[in-house]
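# Turn this into a structure:
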Amino acid sequence: SGYRGHGLAKRREQGRHRSTGAPSHRVPDGACRQVTRIDFYVEARDRLDFACRLAAKAVQAKTRLIVYAPDEAILAKMDRMLWTQSAVGFIPHCMSHDPLAAETPVLLARNVDHPPVDEVILNLADACPPTFARFRRLLEIVSQDDADKASARERFRFYRDRGYRIDTHNMSESTSRTPG
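Numbering: from 1, shown residues only. Here you go, the predicted model:
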C-alpha cells in the first residue's frame, strides 16, 4: 500500500505535479537558440568599402560585429579604412584579441573559434567562416568580380543545402543605397 500514489502528494506540495499531456516546464525566454540568419549583399562595387558601411550601420544600431578574414592583409586594409572612412567617420574597432575587445563594437578577427561576441559576423573570406552557426546573423558581401561570385555561389549552396534562411540584396540597383 506504500506504492499507491507514488509520492503524488509530496510532488503536489513541491509544485512538481502536472496533469497528463501538460508540458514539464516552461522554456525560459532566450533559452532556445535561433537559427543564424544569412544576408548576401551582391554586386557590391568594392567589398571592403561596403564592409565599412555595414560596420558603421552596426555601430549605429548598437550591434556588435565581428569582421572575419583569415588573410592578415585584408584585415590590415580594413583596419586602415575603418580609421579613415570619410563617408561615415571613425568606426570604433580593434582586433578580437585586443584587451579592449570586450568594450569595442567592431572586432577584426582572423580566427572565430572562440568569438568574444555572437551577434553578427561579416565574412570577408572566400570560404564559410568556421563556427558561423554560433552567430545570430551572418553577412556575406559579393563583389562584381567573377572569382568572388564563384566562391560566393559555393557558400550560398552550402548554407542553402543546410536549410538556412538566406536573404539576397542586390547592391547594383542603387549606387546610393544604404545596406540593410
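
# Could you identify the longest helix within the protein?
helix 146-161 (DSSP state H).

# continuing past that helix, what's the next helix or strand?
strand 166-170 (DSSP states H and E).

# That following strand pairs with which strands, parallel or anti?
strand 37-44 (parallel) (DSSP bridges).

# Show residues contacting the strand it pairs with.
The contact list for strand 37-44, computed with C-beta atoms under 8 Å, 6 or more residues apart in numbering, reads 50, 54, 136-144, 149, 152, 156, 159, 164-172, 179-180. All C-beta atoms are positioned from the backbone trio N, CA, C, and that covers glycine.

# mind running it again at 7 Å?
Contacts with strand 37-44, where a contact means C-beta atoms under 7 Å, 6 or more residues apart in numbering, come from 50, 136-144, 152, 156, 159, 164-172, 179.

# all helices of the protein, in order?
8-13, 47-60, 72-84, 146-161.

# other SSEs contacting the third one?
Using 3 or more C-beta pairs under 7 Å, 6 or more residues apart in numbering; DSSP states H and E as the contact test, the elements touching helix 72-84 are helix 47-60, strand 106-109.

# Nearest to Cys128, out of these?
strand 106-109 (14.7 Å; C-beta to C-beta).
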